[in-house]
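**Student:** give me a model of this one.
(2 chains)
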Amino acid sequence: MTIKVLFFGRLRDAAGAGERIAAAPADVRTLAELRDWIARDEPELAAALAAPGVRAVRDQNFCALDTPLAGAREIAFVPPLSGG
Amino acid sequence: MRIAIVTEAFSPEAELKAFAEGRTEAGALASFIGYCRAASHGRAVERLELEHYPGFTETEIRGFAAQVLQRRALIDVLIVHRVGAIAPGEAIVLAAALSPHRADAFAAVEELMDRLKTDAPIWKKEWGADGARWIEPTNEDRARRAERDTEDKTS
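**Tutor:** Next up, the predicted model:
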């Protein structure tokens, strides 16, 4: 399954780019599994994604990490927000 | 309701004038303008860089602004938020509310700013002489938000 994965804020810095097109294997079934899979060879990104306050957005809706990945087009990982 | 994410410098004064034009039912216009400061926590700031999530940022801001508009006696609300590179002295954000009376207008602007701090998908990086650091909500921002949630549940 091909999916667009977006990173914002400090996660973009850790990933080295704001966007990746990922071909996740079939056993990657939830947002948490995608998070672990995408950073499998990148300890710095894995640590940034595991930091407190990091949330996932599935097709532009905030979702719990145990949400299924099936059918999603775009997943974003976002650090704590700092608008205003 | 006007919710705008802008990538260039904007004039808060021109936005406010357009927002209030012809709204003769309004007795009060309250507004807040947030500017980029030249120094923060004792260190010089060269610029801020604000990042957003196109589409999602607008949707989320529109969602909480609509709640504020419905819950208080308001005529309209306005939010303009700049993203990209911002120099000291330039406006970052404008929040405004039109109401028949001042109390609702003041309260709405304060609530819009509190929600922007904790709920708007925007990420802020501060550049100074010694490099860059990401700004995250302070404990005070979180406490204000939590206090507001409690007020909402008890009122």
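**Student:** so B:Leu112 sits in a helix?
**Tutor:** Yes: residue state for B:Leu112 (DSSP: H, G, I helix; E, B strand; the rest coil) corresponds to a helix.
**Student:** residues in contact with it?
**Tutor:** By Cβ atoms under 8 Å, 6 or more residues apart in numbering or on different chains, the contact list for B:Leu112 reads B:32, B:64-65, B:68, B:77, B:79, B:95, B:97. To be clear about C-beta, it is placed using only N, CA and C from the backbone, and glycine gets the same treatment.
**Student:** which one (most neighbours) among these?
**Tutor:** B:Ala97 (30 neighbours; other Cβ atoms under 10 Å in any protein chain shown).
**Student:** A:Ala51 looks like it's in a helix, true?
**Tutor:** No: judged by three-state DSSP, A:Ala51 forms no part of a helix; its state is coil.
**Student:** measure it to A:Gly9 for me?
**Tutor:** Look at A:Ala51 and A:Gly9: by Cβ to Cβ, to the nearest Å, they are 11 Å apart.
**Student:** same deal with B:Gly63?
**Tutor:** From B:Gly63 over to A:Gly9 (counting by Cβ to Cβ), the distance is 20 Å.
**Student:** who has more neighbours, those two?
**Tutor:** A:Gly9 (25 against 12).
**Student:** the more buried one against B:Glu51, yeah?
**Tutor:** Yes: if you go by Cβ atoms under 8 Å, A:Gly9 and B:Glu51 touch, sitting 6.3 Å apart.
**Student:** list the residues that contact both of the two?
**Tutor:** Counting by Cβ under 8 Å, 6+ apart, the residues touching both A:Gly9 and B:Glu51 are B:123, B:125.
**Student:** ok so, going back, what's the overlap in contacts for A:Ala51 and A:Gly9?
**Tutor:** Residues touching both A:Ala51 and A:Gly9 (Cβ under 8 Å, 6+ apart) are A:Pro79.
**Student:** picking that back up, adding pLDDT as columns, could you present the contacts of B:Leu112 in a markdown table?
**Tutor:** Below are the contacts of B:Leu112 laid out as a markdown table (pLDDT from 0 to 100):
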| residue | pLDDT |
| --- | --- |
| B:Phe32 | 98 |
| B:Phe64 | 98 |
| B:Ala65 | 98 |
| B:Val68 | 98 |
| B:Val77 | 98 |
| B:Ile79 | 98 |
| B:Ala95 | 98 |
| B:Ala97 | 98 |
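**Student:** return the member of those residues nearest to B:Ile3.
**Tutor:** Top of the list for closeness to B:Ile3, among these and by Cβ to Cβ, is B:Ile79 at 5.1 Å.
**Student:** surely the closest one is in contact with B:Ile3?
**Tutor:** Yes: between B:Ile79 and B:Ile3 there is a contact under Cβ under 8 Å: 5.1 Å.
**Student:** need the residues touching each of the two.
**Tutor:** Common neighbours of B:Ile79 and B:Ile3, using Cβ under 8 Å, 6+ apart, are B:61, B:65.
**Student:** okay, strands next: where are they in chain B?
**Tutor:** With DSSP state E applied, chain B shows strands at B:2-6, B:28-35, B:39-40, B:43-44, B:47-52, B:76-82, B:84-86, B:91-99, B:122-128, B:131-135, listed in chain order.
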